[in-house]
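S.K.: Using only what follows, build the 3D model:
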Amino acid sequence: MKVLVVVAHPDDEVLGCGGTIAKYSKNGHKVNIVIVSEGLTSRDNERNLNKRLLQLNSLKKQSKEASQILGANSIEFLSLPDNRLDSLDLIEIVKKIEKIVFKFKPQEIFTHHYGDLNIDHRIVHQAVMTAARPHSADFVKKIITFENPSSTEFQSLSFNSYFKPNYFQDIENFLPLKVKALKKYKSEIRQWPHSRSTKFLEILAKYRGSISGLKLAEAFFIERFIN
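M.R.: You can find the predicted model right below:
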């Protein structure tokens, strides 16, 4: 099976579904990762790629190393503006993702849940849903969205699209790989009690496992399932 993981920023793929990527890869599925934005320049008042060139190259290296730990087949960088995707026309983002979708022809796509606080996450979600719409990308049988620690849980509970998982993956044998992959993101990882920490990943996996009858799990929301 071909599986496409489309995320907004470097480390989102690990935080959101790193255990599942490792599990799918171990089971022989071909997993391709796409990272839409470059992930750094929003820390500056103005986007200046030259100013951040060394850090951007280092972040790409970290992403590649993390993807290798998880066993992904490939990783691709679109390098769009970090936390400024709302400054672009949606169609521009859709076309870039659509091109990859039609080249790779995945049966399953994993991406962000629309309920995330981060604007880039919501735009990537919308772009993926558009790029893989029915009667266009009819080879896509499942679209599955994940929670992203340090974004999903920060959204207001009054938001009408708050994350409510209805699908769980057993990652008991794959959490160590998820944690190991996150550790590659030296510039992005945070210390406990931050939710972008390895300890939080372990706690979240136990929590999602406990509510689904498993020891360790990742939680998802099924947007589309065609059987």
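S.K.: phi, psi of R224?
M.R.: phi -150, psi 140 (degrees, to the nearest 10).
S.K.: and K199, what does it touch?
M.R.: 192-193 (C-beta atoms under 8 Å, 6 or more residues apart in numbering). (Glycine included, C-beta is placed from N, CA and C.)
S.K.: just to confirm, which helix or strand has it in it?
M.R.: Using DSSP states H and E, K199 falls within helix 198-210.
S.K.: That helix: which residues count as buried?
M.R.: 198, 200-202, 204-205, 208-209 (16 or more other C-beta atoms under 10 Å).
S.K.: Now distance to G115 too, for the residues you listed, in TSV please.
M.R.: Shown next, in TSV, are the buried residues of helix 198-210 (distance: C-beta to C-beta, whole Å):
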residue	distance to G115
T198	24
F200	19
L201	20
E202	23
L204	16
A205	20
R208	16
G209	21
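S.K.: packing partners for the longest helix anywhere in the chain?
M.R.: Determined from DSSP state H, the single longest helix within the chain is helix 53-70. On a contact count with 3 or more C-beta pairs under 8 Å, 6 or more residues apart in numbering; DSSP states H and E, helix 53-70 meets helix 12-26, strand 30-37, strand 74-80, helix 175-183.
S.K.: can we see that at 7 Å?
M.R.: helix 12-26, strand 74-80, helix 175-183 (3 or more C-beta pairs under 7 Å, 6 or more residues apart in numbering; DSSP states H and E).
S.K.: residues making contact with that helix?
M.R.: Helix 53-70 is contacted from outside by 10, 14, 18, 21-22, 25, 33, 35, 38-40, 49, 75, 77, 177, 180-181, 184-187, using C-beta atoms under 7 Å, 6 or more residues apart in numbering.
S.K.: hmm, which of those are the buried ones?
M.R.: Among these, the ones that count as buried by 16+ other C-beta under 10 Å are 10, 14, 18, 21-22, 25, 33, 35, 38-40, 75, 77, 177, 180-181, 184-185.
S.K.: thinking I123 is in contact with R84, fair?
M.R.: No - in this structure I123 lies outside contact range of R84 using C-beta atoms under 7 Å: 10.0 Å.
S.K.: neighbour count winner among the two?
M.R.: Between I123 and R84, I123 has the larger neighbour count (other C-beta atoms under 10 Å), namely 23 against 15.
S.K.: mind checking how far the residue nearest to G115 when sequence neighbours are not counted is from A219?
M.R.: In this structure, G115 finds its nearest non-sequential neighbour in S161, 4.1 Å apart by C-beta to C-beta, 6 or more residues apart in numbering. Separation of S161 from A219 (C-beta to C-beta, to the nearest Å): 15 Å.
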